[in-house]
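Enquirer: Sequence first, predicted model second:
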Amino acid sequence: MSEKTSFVSILIPCFNESDYIEQTLNSLLDNSYPKNFYEIIIIDGGSTDGTKTIVGNIIKINKNIKIIDNPKKIQSAGLNIGIKKSRGSILIRADAHAIYDKHFIRESVKLLTSNSFQNVGPFQKSVGVGILSQSISMAMNSFFGLGNAKYRLSDNYIEKVKSVWLGAWFKEKLIEINGFDESLKIAEDFDLNYRLRIDGGEIVASNKIKATYIVRKSIKDLFVQFYKYGFWKTKFLLNYPKEIQIRWVAPPILVISLICTVIMSFSYNHMLFFPLLYTAFLSIGVLINFDIKKILSSLLLIIIYPTLHFSWGIGFLIGLIYWNLVKTDKNIK
């Protein structure tokens with residue numbers, strides 16, 4: 001299959017993305033891939049903030065965009081709806097919280113069709129506007145913020161990964177493995193990539209495929225986001241326990257350790273050594289990632305790092321308790 005004959009369907013599950021959806025669509029519409037060879041499908045989970053109105057206005061002058069409803073609201077269900085409604089032989093997932101390079105579609109198709117990979121995508125590079133969001137993006141692009149995730153930190157032409165941000169697949173392959181697992185509200189991408197890998201497929205990130213992720217604007221929104229990530233990661237790990245990674249369990253271990261050492265410090269003062277050690281770790285992270293052009297954002301890292309660590313860790317621990325007590329099977333939503 002050549003790039004010239006590959007019709008592409010871009011799937012965007014979204015909910016209340018009025019602040020971002022227009023710039024997302026504009027960046028995709030400005031792509032170098034031939035307009036008559038791709039469609040953009042917005043799968044909306046019941047937005048109430050004007051997202052659908054914004055998309056409707058863009059559709060009036062762009063015939064290759066359509067919007068459909070996602071009654072189940074969750075991303076995995078929306079993506080499965082998109083797969084069924086799509087016309088393309090190649091499917092690309094896009095997020096409304098991102099901006100795409102002019103050659104994003106072309107490079108995705110080129111890498112997928114010229115190799116034996118089953119999923120290709122960009123490295124997740126985060127950006128923010130304003131002092132706080134810039135600090136959040138700095139933390140998310142750092143080892144000190146989110147660990148050693150290759151799909152975030154590497155920048156090679158080809159990097160084999162366990163999971164990749166966004167993704168481009170052959171439609172027939174997604175149908176073959178039954179699409180996304182709708183019992184997972186989050187971590188559905190890790191689940192899909194795991195099933196691709198055990199089926200013999202390779203997943204890669206490439207610096208030729210470029211996109212930027214737009215981070216949350218507040219500490220509260222950031223905490224909620226990563227709490228959910230931690231919570232649902234435990235559901236994924238109950239299905240596939242051998243997939244556990246050190247960077248996933250480090251935050252919950254940190255939370256437990258800090259709680260225990262603070263409690264024990266009332267009787268043993270030397271137990272405060274661990275919180276001091278963590279503070280030193282944070283300080284090193286601030287110094288290494290300090291940007292003289294973004295002084296205030298750099299200093300705020302001392303708050304953003306622990307927000308990422310504790311939100312994930314607390315979510316993971318609560319999820320571990322919840323999913324083990326509830327003992328839901330894979331078919332329960």
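Expert: That came in fine, so what should we check first?

Enquirer: make it CA atoms for all contacts and neighbour counts henceforth
Expert: Fine.

Enquirer: buried residues in the helix or strand hosting residue 232?
Expert: According to DSSP states H and E, residue 232 maps onto helix 219-239. Neighbour counts over helix 219-239 (16 or more other CA atoms under 10 Å) mark 219, 222-223, 225-238 as buried.

Enquirer: Can you give me the distance of residue 109 to residue 234?
Expert: According to CA to CA, to the nearest Å, residue 109 and residue 234 sit 33 Å apart.

Enquirer: Give me the residues contacting the helix or strand of the chain with the lowest mean pLDDT.
Expert: Least confident helix or strand, the chain: helix 150-153 with a mean of 79, by mean pLDDT, DSSP states H and E. Here helix 150-153 makes contact (CA atoms under 8 Å, 6 or more residues apart in numbering) with 122-125, 141-143, 159, 161, 163-165, 205.

Enquirer: Of those residues, which is the most crowded?
Expert: Tallying neighbours with other CA atoms under 10 Å puts residue 205 at the head of the contacts of helix 150-153, with 32 neighbours.

Enquirer: show me what contacts that residue?
Expert: Taking CA under 8 Å, 6+ apart, we find residue 205 in contact with 120-123, 151, 157-161, 164.

Enquirer: all helices for this structure, in order.
Expert: Under the criterion DSSP state H, the chain contains helices at 21-29, 51-59, 75-85, 104-113, 131-140, 143-146, 150-153, 171-176, 188-198, 219-239, 246-264, 273-288, 295-299, 301-326.

Enquirer: which one of the ones you listed lies closest to residue 43?
Expert: Smallest distance to residue 43 across the helices of the chain (CA to CA): 5.7 Å, for helix 75-85.

Enquirer: Which strands and helices lie in contact with the closest one?
Expert: Other elements packing on helix 75-85 under the criterion 3 or more CA pairs under 8 Å, 6 or more residues apart in numbering; DSSP states H and E are strand 8-14, strand 38-44.

Enquirer: closest one to residue 299 among these?
Expert: For the helices and strands packed on helix 75-85, proximity to residue 299 was assessed by CA to CA; strand 8-14 is nearest, at 32.8 Å.

Enquirer: From the rest of the structure, what touches the closest one?
Expert: 37-45, 47, 75, 78-79, 82-83, 86-96.

Enquirer: Extract the C-alpha trace of that strand and format it as CSV.
Expert: Output of strand 8-14 as CSV, limited to C-alpha atoms (Å, rounded to 0.1, in the frame of the first residue of the first chain):
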residue,chain,number,x,y,z
VAL,A,8,-6.8,8.2,6.3
SER,A,9,-9.4,8.7,9.0
ILE,A,10,-8.3,10.8,12.0
LEU,A,11,-10.3,10.0,15.1
ILE,A,12,-10.6,12.7,17.9
PRO,A,13,-12.6,11.7,21.0
CYS,A,14,-13.5,14.8,22.9
